[in-house]
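Visitor: Dropping a prediction and its sequence here:
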Amino acid sequence: MPIVRSLSRRAFVQLRALETNVQELARHRNRAFQLLRASRGATTHGAQREFWLEFAWLDQEYRVAVHKLARFCLEHLGAARSNRTVGEERT
């Protein structure tokens, strides 16, 4: 039987903030990637480098945000597992 555990109000607010941050950064990252792709044939090498740097920076920010969200989920999953009662079955 899977573990179903409600998050506290504080944890839920934190989870929602992490999810929102990932979504926002994903939008910015995707837009930067589109601009980078479009710049390949339409701009100078110097301008392409600037688009690349912008994308690389946003990609790193996105990866950090995803890592924070994953860590939050693992921490709360770990807490849920440690809250099992002794007689509970594992499936």
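Guide: Nice, I can see it. Numbering: from 1, shown residues only.
Visitor: Helices along the chain, start to end?
Guide: For the chain, the helices defined by DSSP state H occupy 9-39, 45-82.
Visitor: Take these and lay them out in JSON lines including mean neighbour count.
Guide: Any C-beta I mention is one placed from the backbone N, CA and C, and that applies to glycine too. As requested, these are exported to JSON lines (neighbours: other CB atoms under 10 Å):
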{"stretch": "helix 9-39", "mean neighbour count": "14"}
{"stretch": "helix 45-82", "mean neighbour count": "14"}
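Visitor: what packs against the least confident helix or strand in the chain by mean pLDDT?
Guide: Scoring the helices and strands of the chain by mean pLDDT, DSSP states H and E places helix 45-82 at the bottom, with a mean of 90. Packing contacts for helix 45-82, counted by 3 or more CB pairs under 8 Å, 6 or more residues apart in numbering; DSSP states H and E, involve helix 9-39.
Visitor: what's the angle from the helix it packs on to helix 45-82?
Guide: If you take axes from the mean of the first three to the mean of the last three CA atoms, to 10 degrees, helix 9-39 sits at 160 degrees to helix 45-82.
Visitor: Quick one: distance of helix 9-39 to the chain centre.
Guide: Computed by CA atoms, centre = their mean, to the nearest Å, the chain-centroid distance of helix 9-39 equals 7 Å.
Visitor: Kindly report the same for stretch 64-82.
Guide: 11 Å.
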